[in-house]
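# only geometry, no sequence info:
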């Protein structure tokens, strides 16, 4: 028997010539009987071997079979071996053919048998070998890093080595297994190599000595997580991988692994785990799996059942905070990896029929040796988004999948070097080499576009049914982990959903816009969809103007824009929040409706707006006018909307200033009680305003020869003719109108078939005006009415009366009722109490006779008169909040109207209520004819 040779020192290497390969062992020491060479604790620098993924190498008549692929054998610091023999060319070819059978996915009907003096090679399956193994009682067996004596060998790579058996003192056996995962374990192809035994005790001595050296010199520490995977449909099943990222040996000394999820902690420990994890070589790998094919540390499936979800796993001081990850993405599988490289270039050991990106048992950064002229990796900076479509999967008739379309704006490259990160979820571009040419198009799709022949990858990303913006994402280099963040203007929105379908994609050029009709795929366009998956051409974007036609905020909010019928292009508008909204307007359409969702009141074929669009901040719309191409801004207030919509029963039609809005005259057939006309022709109410800076009145449509026009008040109303000034502007002919009282407050009254209700205006004021009211003081008897003389003549208030909705009282000076009183306000300030004559620009306080220490606002003056009432039927009986008040004057035996709060006698009366402690004060230059003319203030203590 040949002597056993231990290789653990560096051999000398020589070359006979430049064209000859050097010997990698002493060729004169080998014969035709195979010899076993074991190494432990050194990387083999004595062998000048090719970077091959094969287990065998033949050169200069020497054939060697290695325990692991040659490229890894050269890097392995731990246990490894090779068996070498002299062979002629013919026999070496047969050996190559035999060992190549290990890569065959199917083991049926394969035969291989070679034999010689004291040795033989045969092809079988692991199941058959196990049956034969049952009949053996070997002296020593070495498998899964552990000798049958209990002695452990450590490895850099957590990959299977052949099983070694010493069957007798003279006969040994090595069983090589296939690295294919597609077969069942028993059907795994094997090569059984029987040969004369080396002195095994020397192997054991070397292992023991090296282990002691590592254990005594190692650094106490914990490895880092490097890779994990879980999917029962994949041949890889489940595994958890840890790596010693240091350049030195570490000793974890962790007896257990801990897994915590939802507050529940489970632990894992086993004798195998304690043995094999005690030492980790520099950059060494530790693999735990429930798949016995890996020959890693067996761990229960339960411990790995939640990988890729939110959980915590602890290995000594090392902690993995796991998060959501999709291991299956379309028809590809991906491991979750740290410190990795491109899927194409990553060194792989295991073989499977499906596409898988991962390399359990090997460092993730380890790459295959580069091949000349290999297409370079893609960089994040060269991949640009060109189109986004949120999908239409909920529509059974047109269930088009969502997609993100990318273009390569750099040189031709391999996409498997990149990750796409959306909503924190990582989606590698490809599990295998995927070449994208310059300007080539690649799609990430929610589901495959079957039959379209697109360069695409299916990814399980989540997209809401309604999308208004392109979601932000990252494109990351798998090797450097550097990434480019792709974000879009957060104030730019795109209306893609019309009716119940997402009809449009978003294309990205200089700015992103809804996909125009031009360059849309004609097959999709024929069904009303504007998108172009897999094709991107730069389009000239045509922006068009519009005109706001109708608006309703409640109960079913919507608005309509009108257009030039023959135009098509991108329309837009801006909300009061300075957010821009873009949409497609097709040719042949005059009116486009916008709302939340289709319903009976608004119609089916409407553009969807984001939830909350019609919220409290919705106070304006701006857009480009279709005729003038000028920007137009339409602003409104809640009070105006409430007034013109008649408590949200009618939609509004924008009008030119100062009219602002008219109301809809179209009764909604599907929604009784509402007046609105979304998507169809508009009929607006007649609106009339009194001009402030010009003479006369302005209407939004011609009055025609119908209607009634009166002048006066409730005491008398006289018909008057109108004087047309233009189509929409007119004045009143007051030539023959005479009331007999020049001081009397007068109104105009208009009624017309196109007016929703009669309207009127304050045409003439009396000399005294009500300018402030305190109807609900904290002490009810301290109410007051504040009046001022706004004429050019003095007025005697003793000839005046104050009138509420039920009673009328005469006014007198305060002193005439309380001769001995010296009344003051709450702040100690006084009044003129013995005079009822009010000079021009002077004011008076009409108070309850029972009041005292009144609260007086800042506009009080000690020259103000203090007036009270003769009885207690009006102000003395309490002023109700929101009650009409009239100031009247006795003139020639007639009570004429002088001033009014609420304008009870006008066609447009109003009420304005207050809470306790609040008073009303007329705004500067206001007429007092609307609730908004009065500011609400609160009594200050």
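Thanks, I have the structure now. Note that the structure is a prediction, hence the values are computed from the model and not measured.
# how many neighbours does residue 822 have?
Neighbours of residue 822 under the rule other C-beta atoms under 10 Å: 9. (Each C-beta comes from the backbone N, C-alpha and C, glycine too.)
# quick one, what contacts it?
Residues in contact with residue 822, defined by C-beta atoms under 8 Å, 6 or more residues apart in numbering, are 830, 833.
# what helix or strand is it located in?
Following DSSP states H and E, there is no helix or strand that holds residue 822.
# same check on residue 890?
strand 885-891.
# quick one: average pLDDT of whatever helix or strand comes next after that strand?
Tracing the chain past strand 885-891, the next element assigned as helix or strand by DSSP H and E is strand 894-901. Mean per-residue pLDDT for strand 894-901: 96.
# how about stretch 785-805?
96.
# now do the buried residues in the strand holding residue 890.
Within strand 885-891, the residues scored as buried using 16 or more other C-beta atoms under 10 Å are 885, 886, 887, 888, 889.
# sheet partners, orientation included, of that strand?
Under the criterion DSSP bridges, strand 885-891 sits next to strand 800-803 (antiparallel), strand 894-901 (antiparallel) in its sheet.
# buried sites along the shortest one?
Within strand 800-803, the residues scored as buried using 16+ other C-beta under 10 Å are 800, 801, 802, 803.
# just checking, next helix/strand downstream of it?
Past strand 800-803, the next helix or strand by DSSP H and E is strand 808-813.
# counting contacts, what elements does that following strand pack onto?
Taking 3 or more C-beta pairs under 8 Å, 6 or more residues apart in numbering; DSSP states H and E as contact, the helices and strands that strand 808-813 lies on are strand 800-803, strand 865-869.
# repeat that with 6 Å
strand 800-803 (3 or more C-beta pairs under 6 Å, 6 or more residues apart in numbering; DSSP states H and E).
# if I look at residue 919, how far off is residue 903?
As for residue 919, its distance to residue 903 is 19 Å (criterion: C-beta to C-beta, to the nearest Å).
# out of the strands paired with strand 885-891, which gets nearest to residue 442?
For the strands paired with strand 885-891, proximity to residue 442 was assessed by C-beta to C-beta; strand 894-901 is nearest, at 72.6 Å.
# in the closest one, what's buried?
896, 897, 898, 899, 900, 901.
# dump the residue contacts of the third one.
So the one you mean is residue 898. By C-beta atoms under 6 Å, 6 or more residues apart in numbering, residue 898 lies in contact with 745, 766, 768, 887, 889.
# find the nearest non-adjacent residue to it, please.
Excluding its sequence neighbours, the residue lying closest to residue 898 (C-beta to C-beta, 6 or more residues apart in numbering) is residue 766, at 3.2 Å.
# list the contacts of the strand holding residue 890.
With C-beta under 6 Å, 6+ apart as the criterion, strand 885-891 contacts 741, 768, 770, 799-801, 803-804, 895-901.
# of those residues, closest to residue 467?
Nearest to residue 467 among the contacts of strand 885-891: residue 901, at 53.2 Å, using C-beta to C-beta.
# so what's that closest one bridging to?
Beta-bridge partners for residue 901, by DSSP bridges, are residue 885.
# that one touches residue 771, doesn't it?
No. The pair residue 901 and residue 771 fails to qualify as a contact (C-beta atoms under 6 Å) at a distance of 9.4 Å.
# sorry, back to before: output the strands paired with strand 885-891 as a markdown table; include the columns distance to residue 521.
Formatted as a markdown table, the strands paired with strand 885-891 follow (distance: least, C-beta to C-beta, whole Å):
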| stretch | distance to residue 521 |
| --- | --- |
| strand 800-803 | 76 |
| strand 894-901 | 67 |
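# for residue 38, which of the ones you listed is the nearest?
strand 894-901 (109.6 Å).
# now that closest one, how far from the centre of its chain.
Taking C-alpha atoms, centre = their mean, to the nearest Å, one finds strand 894-901 lying 63 Å from the centre of the chain it belongs to.
# for residue 244, which non-adjacent residue is closest in space?
residue 280 (4.0 Å).
# contact partners for the one you found?
Residue 280 neighbours (C-beta under 6 Å, 6+ apart): 223, 244, 250.
# the second one: neighbouring residues, count only.
Read it as residue 244. Using other C-beta under 10 Å: residue 244 sits among 27 other residues.
# same deal with the last one?
As a burial measure, the neighbour count of residue 250 was computed by other C-beta under 10 Å and equals 21.
# state the distance from the residue lying closest to it once chain neighbours are set aside to residue 269.
Distances taken as C-beta to C-beta, 6+ apart place residue 221 nearest to residue 250, at 4.1 Å, with adjacent residues excluded. Note on residue 221: its distance to residue 269, by C-beta to C-beta, is 19 Å.
# check residue 704 too.
Taking C-beta to C-beta, one finds residue 704 at 96 Å from residue 269.
# those two: which has the busier surroundings?
residue 269 (13 against 10).
# thinking again about what came up before, how many other residues sit next to the residue nearest to residue 250?
19.
# right, and the helix or strand after the helix or strand where residue 240 lies?
Using DSSP H and E, residue 240 falls within strand 238-243. For strand 238-243, the succeeding helix or strand toward the C-terminus, using DSSP H and E, is strand 250-251.
# leaving out chain neighbours, which residue sits closest to residue 769?
Nearest to residue 769 is residue 899, by C-beta to C-beta, 6+ apart, at 4.8 Å.
# so that neighbour is in contact with residue 773, correct?
No. Residue 899 lies out of contact with residue 773 (C-beta under 6 Å); the separation is 11.5 Å.
# where does residue 543 fall, phi/psi-wise?
phi -90, psi 140 (degrees, to the nearest 10).
# check residue 83 too.
The phi/psi pair for residue 83 (degrees, to the nearest 10) is phi -120, psi 120.
# now swap in the one 3 residues further on and tell me
Here is the backbone geometry of residue 86 (degrees, to the nearest 10): phi -80, psi 130.
# could you do residue 71 as well?
Torsion angles, degrees, to the nearest 10, at residue 71: phi -60, psi -30.
# show me what contacts residue 394?
Per C-beta under 6 Å, 6+ apart, neighbours of residue 394: none.
# same question for residue 905.
Residue 905 neighbours (C-beta under 6 Å, 6+ apart): 713, 714.
# ok, it to residue 191 distance?
The value you get for residue 905 to residue 191, if C-beta to C-beta is used, is 112 Å.
# can you give me the helices for the protein?
70-73, 89-100, 126-133, 200-217, 271-276, 301-304, 522-525, 638-645, 814-817 (DSSP state H).
# and the ones you listed, which is most packed in?
Among the helices of the chain, ranked by average contacts under mean count of other C-beta atoms under 10 Å, first place goes to helix 70-73 (a mean of 20).
# tell me the one among the contacts of residue 898 nearest to residue 114.
residue 745 (124.0 Å).
# tell me how many other residues surround that closest one.
Residue 745: 26 neighbours (other C-beta under 10 Å).
# next one: it from residue 466, what distance?
For residue 745 relative to residue 466 (C-beta to C-beta), the value is 56 Å.
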